[in-house]
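Chemist: Got a sequence here, can you build the structure:
(one chain, ligands or ions: 1)
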Amino acid sequence: MSVRQRLYEGKAKILYTTDDPDVLLSYFKDDATAFNAQKRGTIQGKGAVNCAITAHLFRLLEEQGIPTHFIDQSSDREMQVRSVKILPLEVVVRNIAAGSLCQQTGLALGTVLNQPLVEFYYKNDALGDPLLTRDRLLLLELATPDQLDELRSRALQINQVLTDFFQQCDITLVDFKLEFGLDKHQRLILADEISPDTCRLWNQAETDPDRRVMDKDRFRRDLGDVESAYQQVLKKIRSPKQ
Ligand code: UDP
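Modeler: Numbers count the residues shown, from 1 in each chain. Modelled structure (predicted):
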């Protein structure tokens with residue numbers, strides 16, 4: 001498969017077209033951003049580790065019957081993915097209160113939610129990715145009512161698979177962000193990535209609230225050891241307890 005041209009460059013990945021119009025190549029960069037790109041940096045080796053983690057988790061989800069855009073990992077930083085039209089939505093699932101949920105509701109960090117919370121954010125940097133209500137989402141025609149129901153049930157299904165899997169790896173899945181696209185048959189497909197850049201992951205072997213953090217909060221909050229935390233996630237997911 002030969003790579004043709006750069007289609008899109010985002011904060012953490014570059015998408016290239018290939019000689020097959022249905023297949024794109026996703027290249028994972030070491031660049032890191034936070035707070036709507038106000039904070040920028042590099043996490044050495046992040047591209048490779050996030051590519052490996054995403055490939056692992058997308059394979060796991062496919063095995064559980066959840067369609068993803070993942071086809072194959074073609075190098076340590078690259079994966080072949082199905083071409084989809086990305087919906088301009090960030091679907092966030094939360095099991096434990098952290099981040100903006102705490103800031104906006106006053107819930108204490110670490111509060112276990114009595115059921116998973118699914119939220120939709122408008123993927124729009126100029127507007128600062130605002131939280132949407134259902135009615136605003138429909139007003140802006142970002143998805144149809146049926147797609148919205150499907151997104152919600154798909155997100156909850158993914159949460160169940162990932163929560164159970166991370167539990168086997170002694171990791172708590174606090175919250176995460178998903179992106180979905182539509183394929184040429186208008187089917188909803190999980191796309192983008194699932195990695196420590198897009199999840200909050202807490203090491204169950206640590207009780208200290210800073211030491212347990214294995215995700216991009218280490219970068220956001222300057223906690224140090226970012227590279228090694230990401231590497232540790234990969235190591236742990238490669239040897240889950242049965
Ligand atoms: N998230 C993400 N990309 C974004 C916003 C959030 O991957 O543009 C992830 C984030 O890493 C966390 C979850 O979504 O796992 C919930 O993030 P939150 O709304 O708490 O925002 P933050 O605290 O990151 O501003």
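Chemist: any idea how far whatever residue of the chain ends up closest to the ligand lies from D19?
Modeler: Closest to the ligand within the chain is G99: 2.2 Å, counting by Cβ to the nearest ligand atom. Glycine gets a C-beta too; all of them are placed from N, C-alpha and C. Distance, G99 to D19, by Cβ to Cβ, to the nearest Å: 41 Å.
Chemist: what's the residue of the chain closest to the ligand in contact with, if anything?
Modeler: Counting by Cβ atoms under 8 Å, 6 or more residues apart in numbering, G99 touches 175, 200, 217.
Chemist: Any buried residues in the helix or strand bottoming out on mean pLDDT in the chain, and which?
Modeler: Within the chain, judged by mean pLDDT, DSSP states H and E, the helix or strand with the poorest mean is strand 3-9; its value is a mean of 91. When burial is assessed from 16 or more other Cβ atoms under 10 Å, strand 3-9 yields no buried residues.
Chemist: Quick one: name the residues of the protein near the ligand.
Modeler: 90, 92, 98-101, 129, 175-177, 198-200, 216 (Cβ under 6 Å from any ligand atom).
Chemist: Apply 8 Å and report the result again.
Modeler: Neighbours of the ligand within the chain, by Cβ under 8 Å from any ligand atom: 34-36, 90, 92, 94, 98-103, 119, 121, 123, 129, 174-177, 197-200, 215-217, 220.
Chemist: ok so, going back, nearest to R211 among the contacts of G99?
Modeler: Closest approach to R211 among those (Cβ to Cβ): D217, at 11.8 Å.
Chemist: where's the closest residue to the closest one other than its chain neighbours, which helix or strand?
Modeler: Closest residue to D217 apart from its sequence neighbours, by Cβ to Cβ, 6 or more residues apart in numbering: R200 at 6.4 Å. Element membership for R200 (DSSP states H and E) is strand 199-203.
Chemist: Can you tell me what sits against that strand?
Modeler: Contacts of strand 199-203 (Cβ under 8 Å, 6+ apart): 96, 98-99, 166, 170-177, 211-215, 217, 232-233.
Chemist: quick check: mean pLDDT across that strand?
Modeler: The average pLDDT for strand 199-203 rounds to 98.
Chemist: Export whatever helix or strand comes next after that strand to CSV, keeping only CA atoms.
Modeler: Remark: after strand 199-203, the chain's next helix or strand is helix 217-220, criterion DSSP H and E. These are the backbone C-alpha positions of helix 217-220, laid out as CSV (Å, rounded to 0.1, in the frame of the first residue of the first chain):
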residue,chain,number,x,y,z
ASP,A,217,-3.0,14.6,33.4
ARG,A,218,0.7,14.0,34.2
PHE,A,219,1.5,16.4,31.3
ARG,A,220,-1.4,18.8,32.0
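Chemist: any idea how far helix 217-220 is from the chain center?
Modeler: Mean C-alpha position of helix 217-220 versus that of the full chain (Cα atoms, centre = their mean, to the nearest Å) differs by 15 Å.
Chemist: Also stretch 194-214?
Modeler: The chain centroid and the centroid of stretch 194-214 are separated by 14 Å, computed with Cα atoms, centre = their mean.
Chemist: what pLDDT, on average, does the one helix or strand A229 maps to get?
Modeler: Assigned by DSSP H and E, A229 belongs to helix 226-237. On average, the pLDDT along helix 226-237 is 98.
Chemist: Same check on stretch 35-51?
Modeler: The average of the pLDDT scores along stretch 35-51 is 96.
Chemist: Just the buried positions in that stretch, please.
Modeler: Neighbour-count burial for stretch 35-51 [16+ other Cβ under 10 Å]: 43, 46-51.
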